[in-house]
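Q: Using only what follows, build the 3D model:
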Amino acid sequence: MAKMEFKDYRDDDDDDNRRPVKPEDLKKLERASKDAMTALKEALESKNEATAKNVEKFLADVEEKNAKFARETAEWNKKQEELADAQKKRIDDLELHLATKGGGGGSDAAEEQKRKNFLLFAANGAGAEGLDLKMLRNPYGLDTKTMRTDSDTAGGYLVPPVMEQGIRKAIVENSPVRPFARVRALPGKSVEVRRRLAGHGRALYQGELRTAAVAQSKYGMERVTTYRQTETVEISRDLVIMSPYNVEAEIYGDAMEAFGLGESYNFLFGTGDASPKGIMVSSKVALYVTAGVGAITPADLSECASKLKRGQKPWWFFNRRTLAKLQQMVDSQGRPLWQMPGGDQPATIYGFPYSSDWIDLDNAQSGSNSYPIVFGDMLRGYEVFDTTGTEMIRDDVTKAGEGIIRYTWNRWNTGDCLTDDSLIKLKIQ
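A: Numbers count the residues shown, from 1 in each chain. Alright, predicted model coming up:
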């Protein structure tokens, strides 16, 4: 049998950071061990003295190499732990430096100047004496040649702004006459409304064989005609085609908003000449004038409310400036006129609910000759008549040479007071 030799199967390089035993080394060691076992078997069977000595020497070498590998592995693991600890310490030191020095990398004097700059600027603005404007504009000493987004030519042009799809719109207020009035739909342009102007009055008592008076009710008729309300908008064809927004939907919303503003104002102040007859213009609305000059008193409100016939469901109608005035008023006993809401009941003034959204009425603080308040049953006192829905006409022809599209919206309605005893307007003397 040939003499067995145990070789060190590791590489001969002196890399301190490599593993002591590589996987291929272990495979070689495994093959050598198998050869040793085979040789040992042969030695035991043949009783060959030389072979037995070779096996014993090989096994001794295996034990020595195994112990050496174990020592080197322990030393390598310890070294890896030391490297990991050193790396963690370097990271901790860097984080501490960034937290205490701000990452500017400057000297203590520079850090002090930055702090001084901040305090001077906060206290006195950019004109503060001793302020380092250069450092203020570039507090961390940034290289101004660096590409960035806050300068168009330095890279800002490469990050275009994103256009949001929504459009912010200011609140538009109007006087909500329609929700409180009686609204009717007409099948045609006009309607004839019958009214009883006077009843029989009190029935008389008659003695025997006396002639009884003849009673007769009086009736009248009024014709109510709806009028066209219109809104026209011109838009370039380029805008309609190229805008990322739905321009037609936007201008439709604006047109409906304009319709609401127009009708609410005319339901209050319309003259009736090709327009609704407004509440503040109608002769069927009673008038109460304040007792004093230039201001409203609690007694005025009480007197105004007492003028309305019973059997109604009256409200106060005014704007929020008038509400603020009324909320500050107290009666002769020091009790506020405005009563807070309770349970499912709304806030009241002298026991009657109110709407403070009628912005087109005058303010109570406006003084003499102003009309800040309407009182009464609006459902009985004012009627709104609608003939059809809204019509839209898109005209692509009239100004086609100029590339302009005309949008026109039409609708027909009107409003009028048809009773004499349901509404009262208050005037400041």
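Q: Identify the residue spatially nearest to A274, adjacent ones excluded.
A: Leaving aside its chain neighbours, A274 sits nearest to Y227 (5.2 Å; criterion: C-beta to C-beta, 6 or more residues apart in numbering). Just so you know, the C-beta spots here come from the backbone N, C-alpha and C atoms, and that holds for glycine as well.
Q: which residues does that neighbour bridge with?
A: For Y227, the beta-bridge assignment (DSSP bridges) gives partners N413.
Q: Residue numbering should commence at 153 henceforth.
A: Yes, from this point I'll number from 153; that puts the last item at Y379.
Q: residues touching it, list them.
A: Listed by C-beta atoms under 8 Å, 6 or more residues apart in numbering, the contact partners of Y379 are A426, S427, P428, W564, N565, T566.
Q: contacts for stretch 485-494?
A: Contacts of stretch 485-494 with the rest of the structure, by C-beta under 8 Å, 6+ apart, involve 450, 453, 475, 478-479, 481-483, 499-503.
Q: So which of the residues you listed sits lowest on pLDDT?
A: Checking pLDDT across the contacts of stretch 485-494, the minimum falls on D483 at 82.
Q: what residues are up against it?
A: Neighbour list for D483: P450, L489 [criterion: C-beta under 8 Å, 6+ apart].
Q: So what does it have for phi and psi?
A: When read as degrees, to the nearest 10, the backbone of D483 gives phi -80, psi -170.
Q: Please confirm that P312 is located within a strand.
A: No - looking at P312 with DSSP: H, G, I helix; E, B strand; the rest coil, it is coil, so not inside a strand.
Q: burial measure for it, as a count.
A: Neighbours of P312 under the rule other C-beta atoms under 10 Å: 7.
Q: Kindly report the same for the one 4 residues further on.
A: Summarising burial for E316: neighbours were counted as other C-beta under 10 Å, giving 7.
Q: Got the confidence number for it?
A: 77.
Q: Where does it sit: helix, strand or coil?
A: Here E316 is coil, with the state taken from three-state DSSP.
Q: Need the CA coordinates for stretch 233-251. PDB is fine.
A: Below are the C-alpha coordinates for stretch 233-251, written out as PDB (Å, rounded to 0.1, in the frame of the first residue of the first chain):
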ATOM      1  CA  GLU A 233     -17.600  40.500  15.400                       C
ATOM      2  CA  GLU A 234     -14.900  43.100  15.900                       C
ATOM      3  CA  LEU A 235     -15.400  44.500  12.400                       C
ATOM      4  CA  ALA A 236     -19.200  44.700  12.900                       C
ATOM      5  CA  ASP A 237     -18.700  46.500  16.200                       C
ATOM      6  CA  ALA A 238     -16.300  48.900  14.600                       C
ATOM      7  CA  GLN A 239     -18.700  49.600  11.700                       C
ATOM      8  CA  LYS A 240     -21.600  50.200  14.100                       C
ATOM      9  CA  LYS A 241     -19.500  52.600  16.100                       C
ATOM     10  CA  ARG A 242     -18.600  54.600  13.000                       C
ATOM     11  CA  ILE A 243     -22.300  54.900  12.100                       C
ATOM     12  CA  ASP A 244     -23.200  56.000  15.600                       C
ATOM     13  CA  ASP A 245     -20.500  58.600  15.600                       C
ATOM     14  CA  LEU A 246     -21.600  59.900  12.200                       C
ATOM     15  CA  GLU A 247     -25.300  60.100  13.300                       C
ATOM     16  CA  LEU A 248     -24.200  62.000  16.500                       C
ATOM     17  CA  HIS A 249     -22.100  64.400  14.400                       C
ATOM     18  CA  LEU A 250     -25.000  65.100  12.000                       C
ATOM     19  CA  ALA A 251     -27.400  65.600  15.000                       C
END
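Q: Now do the helices in the stretch 353-502 of the chain.
A: Taking DSSP state H, counting those that start in this stretch to define them, one finds helices in the stretch 353-502 of the chain at 389-394, 399-421, 450-458, 472-479.
Q: How about the stretch 203-352 of the chain?
A: With DSSP H, counting those that start in this stretch as the criterion, the stretch 203-352 of the chain has helices spanning 260-276, 285-289, 329-332.
Q: Out of those helices, name the one with the poorest average pLDDT.
A: Among these, helix 285-289 scores lowest, at a mean of 57.
Q: Backbone dihedrals for R462, both of them.
A: Per degrees, to the nearest 10, the backbone of R462 is at phi -70, psi 170.
Q: Distance of it relative to V441?
A: For R462, the distance to V441 equals 23 Å [C-beta to C-beta, to the nearest Å].
Q: what do you get for I511?
A: The spacing between I511 and V441, counted by C-beta to C-beta, is 23 Å.
Q: Those two - which one has more neighbours?
A: Set I511 next to V441 and count neighbours by other C-beta under 10 Å: I511 wins out with 16 against 12.
Q: so the more buried one sits in a strand?
A: No - counting by three-state DSSP, I511 is not part of a strand but coil.
Q: which residues touch it?
A: Contacts of I511 (C-beta under 8 Å, 6+ apart): E325, N326, S327, N471, R472.
Q: Share the number of residues neighbouring the second one, please.
A: Here the count is done by other C-beta under 10 Å, and N326 has 19 residues near it.
Q: quick one: it and G412 touch, right?
A: Yes - using C-beta atoms under 8 Å, N326 is in contact with G412, at 5.3 Å.
Q: So what sits opposite T500 in the bridge?
A: Going by DSSP bridges, T500 forms beta bridges with Q491, P505.
Q: who touches it in this structure?
A: Contacts of T500 (C-beta under 8 Å, 6+ apart): W490, Q491, Y506.
Q: Pipe these into TSV and attach pLDDT, neighbour count and distance to E281 per row.
A: Output for the contacts of T500, formatted as TSV (pLDDT from 0 to 100; neighbours: other C-beta atoms under 10 Å; distance: C-beta to C-beta, whole Å):
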residue	pLDDT	neighbour count	distance to E281
W490	90	16	56
Q491	86	14	61
Y506	95	22	60
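Q: Spatially nearest residue to W510 (excluding sequence neighbours)?
A: S327 (4.3 Å).
Q: Let me know whether that neighbour touches F419 as I believe.
A: Yes - S327 is within contact range of F419, at 7.4 Å (criterion: C-beta under 8 Å).
Q: neighbour count winner among the two?
A: Neighbour count, other C-beta under 10 Å: between S327 and F419, F419 has more, with 28 against 24.
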